[in-house]
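> okay, predicted coordinates and the sequence, questions at the end:
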Amino acid sequence: MNVGMIASHYPHASHREEFIARVHRVAEVFRGTPGCLSAECWLSDDAVISIVRWESDEAFATSLAAVQEADLDLAYDEREVRPREIVRVVAG
């Protein structure tokens, strides 16, 4: 069963380009893990959105562990206007 994650980040305008770069770096790590089908960065007027798909729950867990172990800036802090929204989805 395919598993997905949609994460919306709401950076202050002065940090938007930084967030886009951060999401691209995280997506690169996701794509390098077994079972990751896709990892993309999307933009709306106020959000930087990552959309990731995996082939299974196991691949999802492996990818998350790899991202947490990588030397990436994942902190939620004053650079964001409001808390992130992260939704896990499964294929229907």
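Okay, I see it.
> for this structure, which helix is longest?
Using DSSP state H, we find that the single longest helix of the chain is helix 16-31.
> what does it contact?
By Cβ atoms under 8 Å, 6 or more residues apart in numbering, the surrounding residues in contact with helix 16-31 are 9, 11, 36, 38-41, 43, 48-50, 52, 63, 66-67, 70, 72-74, 79. Using the backbone N, CA and C atoms, a C-beta is placed for each residue, glycine as well.
> quick one: residues in contact with the longest strand seen in the chain.
Taking DSSP state E as the criterion, the chain has its longest strand at strand 80-90. In this structure, residues lying in contact with strand 80-90 by Cβ under 8 Å, 6+ apart are 1-12, 15, 46, 60, 76.
> how about stretch 54-71?
1-5, 26, 29-30, 32-37, 52, 74, 88.
> let's see which of those end up in helices.
Using DSSP H, the contacts of stretch 54-71 in helices are 26, 29-30.
> ok, the most centrally placed residue in the chain - contacts?
By Cα atoms, centre = their mean, the chain has its centre lying nearest to residue 50, at 4.3 Å. When contacts are counted by Cβ under 8 Å, 6+ apart, residue 50 touches 5-7, 9, 23, 26-27, 39-42.
> of these, keep whichever come out buried.
5, 7, 9, 23, 26-27, 39, 41 (16 or more other Cβ atoms under 10 Å).
> hang on, the earlier thing: now a ChimeraX select for only the buried ones of the contacts of stretch 54-71.
Per 16+ other Cβ under 10 Å, the buried members of the contacts of stretch 54-71 correspond to this ChimeraX selection:
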select :2,3,4,5,26,29,30,33,35,36,52
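> I appreciate the help and will end here.
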